[in-house]
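[1] after the sequence you'll find the predicted model.
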Amino acid sequence: MQRLYDFLRRHPTGVDSFWAVLLFGVSMMNVVGEPALDTAHKMAAVPLAIALCAAVALRRKWTPQMFWLVLGAGLYQLVLGIEAGTWDLAMFVILFTVAAGDAPRWVSRTALGWGLASAPLYFLRFGVDKGTTGFESLAYTLFMIVPFALAWVMGDSLRTRRAYYDQLVERNQRLEKERAAQAQVAVAAERARIARELHDVVAHNVSVMVVQADGAAYVMDAAPEQAKEALQTISGTGRLALAEMRRLLGVLRTGEPQESEDYVPQPDVEQIEVLIEQVRAAGLTVDFEVEGTPRTLPSGVELTAYRIVQEALTNTRKHGGPSAKASVRLVYFDDGLGLLVEDDGRGAAHELYKDGGADGAGHGLIGMRERIGMVGGTLDAGPRPGGGFRISALLPLKKR
């Protein structure tokens, strides 16, 4: 049954042609079996029936044209004085089709006007044989207008429902596209976050490992114990870097999440002191100071503060020179957290920090600005008076 229904929906003209042939056959039987009609009227009724049945067959393919064909056939019927017959059912079908289809609205309104005028014109031409008074004749004429009005109203209602359904479909498709776009934006944002995290993890830990490796190679023969400690530091730093990288890249894996004891929680403000001890062990002198009363901060603020200090100290080791010293200062305000990281080294090249790195480098500072922008904070980075480099940041507790 479903296959038959699908076939009929795919071939609407074929279905309409079947009903048109059936209507034509019944109409011809009525013409032949009507003794009141003379031969001339019977001959005149044949082209009328053909025209109206052809309009039924092609009503959905050429709707406006078929309406004009039916209108011409109706005028032909009035002029030749052919009384109503079975073929006139086509007028209701065409009126319904014009109101329900994709024909222009002015065509639909024109069809309604001619439909409402059909009964009065017919009765003016042939007279009203129902009722004995003028009022009864008028009432009967108005009553015969009702089928035309109902055909148009039913078609227009179907057209309205179809338009409403199309709007719902369009809206649903638009919402699906918006959801897909939002998902892509979320994926891009997550990838950017992972890229920033990986940059901070790799840049910091690899720089520590390079410094320790250089130191171990330098004292390998003179002080084996110090070389051994440096190698142990390299090993520990490497494991820490791998653990953090596994944690970050784990969100990109498909399938079931894998548990591993190498996974570590997100860094926070309390681990800044551990970070500084690690940097000191790598050979960089760092002063650390905390002002105000430490307290729990939003996780985003704590991670941002940790990464800023990590990136700043990494830049000091990379650009400050062998004898550079650094200082880290955390200030707890009532409405935020202040960070000040300074060094007395030679500082980075101008193009590495101006406008985020005009030469394509300076990605660390770009990442800092993006992180601070996510929490609604401010960042000031540049050369320090008297030499060296300074990074000053203010992280509000609430995003502005």
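    Arrived safely, thanks for sending. Residues are numbered from 1 along each chain as shown.
[2] what stretches of the chain score poorly on pLDDT?
    Applying pLDDT under 70 to the chain flags residues 35-38, 128-134, 187, 190-191, 193-204, 244-265, 347-364, 398-400.
[3] all the helices of it, residue numbers only.
    Using DSSP state H, the helices of the chain run over 2-10, 12-32, 39-57, 63-80, 89-100, 105-126, 134-219, 224-249, 272-281, 299-319, 363-374.
[4] quick check: which of these is nearest to residue 391?
    Among the helices of the chain, the nearest to residue 391 by C-beta to C-beta is helix 299-319 (4.7 Å). All C-beta spots, glycine's among them, are computed from the backbone N, C-alpha and C.
[5] buried ones in the closest one?
    For helix 299-319, the neighbour count (16 or more other C-beta atoms under 10 Å) marks 301-317, 319 as buried.
[6] and the angle from that helix to helix 272-281?
    10 degrees (axes from the mean of the first three to the mean of the last three C-alpha atoms, to 10 degrees).
[7] restrict helix 299-319 to CA atoms and write it as PDB.
    Written as PDB, here are the backbone C-alpha positions of helix 299-319 (Å, rounded to 0.1, in the frame of the first residue of the first chain):
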ATOM      1  CA  SER A 299      39.200  27.800  37.900                       C
ATOM      2  CA  GLY A 300      39.600  29.900  34.800                       C
ATOM      3  CA  VAL A 301      41.300  32.700  36.600                       C
ATOM      4  CA  GLU A 302      43.700  30.300  38.400                       C
ATOM      5  CA  LEU A 303      44.700  28.500  35.200                       C
ATOM      6  CA  THR A 304      45.200  31.800  33.400                       C
ATOM      7  CA  ALA A 305      47.400  33.100  36.300                       C
ATOM      8  CA  TYR A 306      49.500  29.900  36.300                       C
ATOM      9  CA  ARG A 307      50.000  29.900  32.500                       C
ATOM     10  CA  ILE A 308      51.000  33.600  32.500                       C
ATOM     11  CA  VAL A 309      53.700  33.100  35.100                       C
ATOM     12  CA  GLN A 310      54.800  29.900  33.300                       C
ATOM     13  CA  GLU A 311      55.100  31.700  29.900                       C
ATOM     14  CA  ALA A 312      56.800  34.800  31.400                       C
ATOM     15  CA  LEU A 313      59.500  32.700  33.100                       C
ATOM     16  CA  THR A 314      60.000  30.700  30.000                       C
ATOM     17  CA  ASN A 315      60.500  33.900  28.000                       C
ATOM     18  CA  THR A 316      63.000  35.100  30.600                       C
ATOM     19  CA  ARG A 317      65.100  31.900  30.200                       C
ATOM     20  CA  LYS A 318      64.800  32.200  26.400                       C
ATOM     21  CA  HIS A 319      65.500  35.900  26.000                       C
END
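[8] and it, what does it pack against?
    Counting contacts by 3 or more C-beta pairs under 8 Å, 6 or more residues apart in numbering; DSSP states H and E, helix 299-319 is packed against helix 134-219, helix 272-281, strand 325-332, strand 336-343, helix 363-374, strand 389-396.
[9] taking strand 389-396 as reference, get the angle to the third one.
    Going back to what we said before, that points to strand 325-332. On the basis of the same axes, to 10 degrees, strand 325-332 is oriented at 10 degrees to strand 389-396.
[10] which of the residues in strand 325-332 are buried?
    Buried-residue list, strand 325-332, by 16+ other C-beta under 10 Å: 326-328, 330.
[11] and for the fifth one?
    Within helix 363-374, the residues that qualify as buried are 363-372, 374, counting by 16+ other C-beta under 10 Å.
[12] with the second one instead?
    Taking 16+ other C-beta under 10 Å as the neighbour-count basis, helix 272-281 is seen to contain the buried residues 272, 275-276, 278-279, 281.
[13] work out the gap between it and the centre of the chain.
    Averaged C-alpha coordinates place helix 272-281 at 45 Å from its chain's average position (C-alpha atoms, centre = their mean, to the nearest Å).
[14] what's in contact with that helix?
    Under the contact criterion C-beta atoms under 8 Å, 6 or more residues apart in numbering, helix 272-281 has outside partners 208, 233, 237, 267, 286, 288, 305-306, 309-310, 313, 317, 326, 328, 330.
[15] at 10 Å instead, please
    Applying C-beta atoms under 10 Å, 6 or more residues apart in numbering, the contact partners of helix 272-281 are 204-205, 207-208, 211-212, 229-230, 233, 236-237, 240, 267, 271, 284-288, 290, 302, 305-306, 308-310, 313-314, 316-317, 326, 328, 330, 339.
[16] so how far is residue 25 from the residue nearest to the spatial centre of the chain?
    Central residue of the chain (C-alpha atoms, centre = their mean): residue 178, 1.2 Å from the mean position. Residue 178 is 55 Å from residue 25, where distance means C-beta to C-beta, to the nearest Å.
[17] ok, residue 126 next?
    The value you get for residue 126 to residue 25, if C-beta to C-beta is used, is 26 Å.
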